[in-house]
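>>> Quick one: sequence and predicted model below, then my questions.
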Amino acid sequence: MVWLLIPTLLSAASIVVLSSGVVRAQEIQLDGIVVTVSKIDESAIDALAGASTVSKETLDTQFQADSVSKILNTIPGVATQETARDTAQAVNIRGLQDFGRVNVLIEGARQNFQRSGHSANGTFYVEPEMLQRVEVTRGPTATIYGSGAIGGVVAFELLDADSILKPGEYAAIQSRTRYASNGDGKLASGTGAIRVGNFDIVGQINGRWNRDYEDGDGVVVPGSNDETGSGMVKARWRPAEGHEITGTIVDFNSKFVDQAEAGGSLRDTDVDNTQFTLGYTFSRPDTPLLDFSAKVYKNRTNMEQTRLTSSTVPIFGPNPAFPPVPPPFTIIGFDTFPAGASRNFTVDTEGVDVFNTSRFEFGSARMALTYGADAFRDEVSNYDLYEGGDELTPSGKRTVYGSFIQSHWTFFDRIDLIGALRYDNYEIKGGTTNLSDDRVSPKITAGVTPVEGFTLFATYAEGFRAPAVTETLISGLHAPPANFNLIPNPNLRPEVAHNVEGGVNLKYNGVLKQDDAFRAKFTAFRNKVDDYIDQVYVEGPNPAPVFLDDTLQYQNVRNATLEGVEFEAAYDARSWFLGLSAHHIRGTNDDTGEGLYSVPADQIILTVGFRAFDEKLTAGARARFVGKQDRFVEGETAASAHADAYQTLDLFAQYEVNEIATLNLNIDNVFDETYRQHTDQYNSPGFSARVGLTMRLGAD
């Protein structure tokens, strides 16, 4: 019933605001800038797509997050997957994730790390303290933004000097400390910034220490402890008007004990993620034909693991008392995995992104023509002497490059027409395999604003995802006691998404009072993915030894259809504010008619808050209502299980004591609910209170 009410609420809201005067109000959440839709700066509420942003103000006042999952899970159409035994995150948009189906960017650098196991196949590492803004574009409407993003794009923008320095200051330092009751979590963070003439620089170092947390039943979740350190430096130089050169270095290091599943092997794990980004932009009002951007980056994620204990496992073979086919089997020997044995997983990604926007005016019509090219290369280098981890996550190289052009026409400030084409090409090399393919993907969008503040839009867009190195080259035996074989597939075809979506944007000021603001975005979509790649049992002659249980291979096994609705709204009267986000998504295997395990549960999030004492105090509550996800065949994957419905309540407050000190209080899971997010491996934390203190000094 909730989903039937959304269009009704939307219509009612539009009637109310149409009768109100339009005055300038404070910027609120949906006013945040997004670039992943079209590579042109525009506010999320003006974007003709399912786009959302989370600003630094919201990050600071409402979240004080210890993981970005807390932030991303509040955005409609977005879910995350994580495991307590790893500090990595994975993002799901509209039921699509893994192997680059969601393009995750940190300061423009692609995050392509992947390790086969009992969790997500595609993760990234990021420190929330470094973030200035989070931006999400849902669906393949961001076709010109990069290859592979048939699910969407998530972009993390890091702090710059303007985030720390106030107007007129040339230097500032900021320290932040925080304590969390559940898991005895501690944070220490230090940030400094300097501005000299047309040059500025910001640097930050962070340390986190967490013990094992407890779920809502008071049960300790083993392996959820970690020790994480990180740092970043970001410098900007403006040598002349319109020119800007930016360089960023990020280092993230996390130590924890990894255990694939309860009772499995314990491995001391050290993850190091290092990123280098160099960018140049040129933009000036007097040069409408030049709005140029170029960026190069290198991203390395290295995971080193060392066995903490030895184990002896049986080797199964055919029972000599019976014919070799079919079973039964018997133990024909034992294999020992020694303590101290090491293995590592490394993914190096190098990339470049160059584009320009030329703007033209023809009377009452305007056109923005954006064109460019991008490319990236993944080099996967893994080693595992004893347990075959380098076979299940094979080494290899993948090169992907593309070019694009997009024209955006605006007529009479009321009608928008967008047409785009993107060309993609890829090549995968490993062993004797050499796989390549290419494709042109179109996009067309129409938007109309019949009355001020009310915009309708519709889009058809296609997306193209090249197979990953693991999907193509995986080859080996799973370590005992699970006995099955995995074989490569040099004939994999790329996935192609055909997405249709439409929506409504509402943007009004002065609704109930002169300085308030109302924003809302409703989107409905249907995304059909052809040649979806999944791991399946191989039928016919078994190429593995006969004593193995099964043989698996990644294949283009099916066509999948995902469809749903998303809603996001915000009202801000400055003295109080209200936010609502919701999604309802369904996914189907078109070949079998079964539901898809990857589809997130239905969700509604309501946020209410107020500001007082000249806005020195901001406080509020966030209620999250999540439905049951049982619309799939349980056991479809090794980790799949039906997830029950749950409800949680979080409280937040920030008080600016003075210009130097700011206090924060967050209480997560107030009622100590025991729950597990769909696709997660372990229960989420129970009640947790987090107290933080921020100290800041500036010089002018």
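Here it is on my side, so go on.

>>> quick one: contacts of stretch 400-412?
38-40, 143-144, 146-148, 355, 364-377, 416-426, 443, 466 (C-beta atoms under 8 Å, 6 or more residues apart in numbering). No exception for glycine: its C-beta is placed from N, CA and C like everyone else's.

>>> Please, a PyMOL command that selects the buried ones among these?
Selecting only the buried entries of the contacts of stretch 400-412 in PyMOL, with 16 or more other C-beta atoms under 10 Å as the criterion:
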select buried, resi 38+39+40+143+144+146+147+148+355+366+368+370+371+372+374+375+376+377+416+417+418+420+421+422+423+424+425+426+443+466
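
>>> Which ones among the contacts of stretch 400-412 map onto strands?
355, 365-377, 416-426, 443 (DSSP state E).

>>> The stretch 251-400 of the chain: helices as residue ranges?
389-392 (DSSP state H, counting those that start in this stretch).

>>> My error: substitute the chain in the last question.
For the chain, the helices defined by DSSP state H occupy 2-18, 56-58, 69-72, 389-392, 469-473.

>>> Can you spell out which helices and strands pack onto the third one?
Counting by 3 or more C-beta pairs under 8 Å, 6 or more residues apart in numbering; DSSP states H and E, the packing neighbours recorded for helix 69-72 are strand 78-81, strand 131-138.

>>> ok, 6 Å please
strand 78-81 (3 or more C-beta pairs under 6 Å, 6 or more residues apart in numbering; DSSP states H and E).

>>> Given the lengthiest strand in the chain, what are its sheet partners and their directions?
For the chain, the longest strand by residue count, based on DSSP E, is strand 550-572. Here strand 550-572 is paired, per DSSP bridges, with strand 484-487 (parallel), strand 517-537 (antiparallel), strand 576-589 (antiparallel).

>>> okay, that strand in PDB with CA atoms only?
C-alpha atoms of strand 550-572 as PDB (Å, rounded to 0.1, in the frame of the first residue of the first chain):
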ATOM      1  CA  ASP A 550      30.600 -30.600  -9.200                       C
ATOM      2  CA  THR A 551      32.100 -28.500 -12.000                       C
ATOM      3  CA  LEU A 552      31.200 -24.800 -12.200                       C
ATOM      4  CA  GLN A 553      31.700 -22.200 -14.800                       C
ATOM      5  CA  TYR A 554      30.800 -18.500 -15.500                       C
ATOM      6  CA  GLN A 555      28.400 -18.500 -18.400                       C
ATOM      7  CA  ASN A 556      25.900 -16.100 -20.200                       C
ATOM      8  CA  VAL A 557      23.100 -18.100 -18.600                       C
ATOM      9  CA  ARG A 558      20.100 -15.900 -18.700                       C
ATOM     10  CA  ASN A 559      18.400 -12.600 -19.400                       C
ATOM     11  CA  ALA A 560      17.300 -10.700 -16.300                       C
ATOM     12  CA  THR A 561      14.700  -8.000 -15.800                       C
ATOM     13  CA  LEU A 562      14.800  -5.600 -12.900                       C
ATOM     14  CA  GLU A 563      12.100  -3.000 -12.400                       C
ATOM     15  CA  GLY A 564      10.900  -0.800  -9.600                       C
ATOM     16  CA  VAL A 565      10.200   2.700  -8.200                       C
ATOM     17  CA  GLU A 566      12.200   5.100  -6.100                       C
ATOM     18  CA  PHE A 567      11.200   8.100  -4.100                       C
ATOM     19  CA  GLU A 568      13.100  10.800  -2.400                       C
ATOM     20  CA  ALA A 569      11.800  14.000  -0.800                       C
ATOM     21  CA  ALA A 570      13.100  16.700   1.600                       C
ATOM     22  CA  TYR A 571      11.400  19.700   3.200                       C
ATOM     23  CA  ASP A 572      13.500  22.200   5.100                       C
END
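
>>> Can you give me the buried ones in that strand?
Buried, per 16+ other C-beta under 10 Å, within strand 550-572: 551-572.

>>> Now do the residue nearest to K70 when sequence neighbours are not counted: how many residues are near it, please.
Excluding the flanking residues, the one nearest K70 by C-beta to C-beta, 6 or more residues apart in numbering is F63, at 5.9 Å. Residues lying near F63 (other C-beta atoms under 10 Å) number 23.

>>> Let's see the pLDDT reported for F63.
Note on F63: pLDDT of 93.

>>> Dead centre of the chain: give me the residue that sits there.
By C-alpha atoms, centre = their mean, the chain has its centre lying nearest to V91, at 4.0 Å.

>>> If it is in a bridge, with which residues?
Where V91 sits in a bridge, its partners, by DSSP bridges, are T80.

>>> Roughly how far does it sit from R138?
11 Å (C-beta to C-beta, to the nearest Å).

>>> So the residue nearest to the centre of the chain sits against R101, correct?
No - between V91 and R101 there is no contact under C-beta atoms under 6 Å: 9.4 Å.

>>> Next, count neighbours for the nearest residue to F525 once chain neighbours are set aside.
Of all residues not flanking F525 in the chain, E501 sits nearest, at 3.7 Å (C-beta to C-beta, 6+ apart). Burial measure for E501: 27 neighbouring residues, criterion other C-beta under 10 Å.

>>> Any idea what E501 is bridged to?
T459, F525.

>>> looking at it, it is touching Y460, isn't it?
No - the criterion here is C-beta under 6 Å, and E501 misses it with Y460 at 8.4 Å.

>>> all strands of the stretch 101-250 of the chain, in order?
102-106, 109-110, 131-138, 152-158, 171-180, 185-196, 199-210, 226-237, 243-258 (DSSP state E, counting those that start in this stretch).

>>> So what's the residue count around P239?
10.

>>> Also the one 3 residues further on?
Residues within reach of G242, counting by other C-beta under 10 Å, total 16.

>>> quick one: contacts for it?
G242 makes contact with F282, S283, R284, according to C-beta atoms under 6 Å, 6 or more residues apart in numbering.

>>> now do H678
Neighbour list for H678: A601, Q629, A643 [criterion: C-beta under 6 Å, 6+ apart].

>>> pLDDT weak spots in the stretch 101-250 of the chain?
Within the stretch 101-250 of the chain, the set of residues satisfying pLDDT under 70 comprises 142-143.

>>> Just the pLDDT for the closest residue to T141 other than its chain neighbours.
Nearest residue to T141, sequence neighbours excluded (C-beta to C-beta, 6+ apart): A49, at 4.3 Å. A49 is assigned a pLDDT of 92 by the prediction.

>>> roughly how far apart are A49 and D217?
From A49 to D217 the distance is 41 Å (C-beta to C-beta).

>>> Comparing the two, which residue is more hemmed in?
A49 (28 against 10).

>>> where does the more buried one fall, phi/psi-wise?
phi -170, psi 170 (degrees, to the nearest 10).

>>> from here on, count from 9
Right, with 9 as the first residue, what we last looked at is A57.

>>> could I get the strands paired with strand 558-580 as a markdown table with mean neighbour count and distance to S483?
Shown next, in a markdown table, are those (neighbours: other C-beta atoms under 10 Å; distance: least, C-beta to C-beta, whole Å):
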| stretch | mean neighbour count | distance to S483 |
| --- | --- | --- |
| strand 492-495 | 18 | 6 |
| strand 525-545 | 21 | 13 |
| strand 584-597 | 20 | 26 |
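
>>> To F207, which of the ones you listed lies closest?
F207 lies closest to strand 525-545 among these, at 35.8 Å (C-beta to C-beta).
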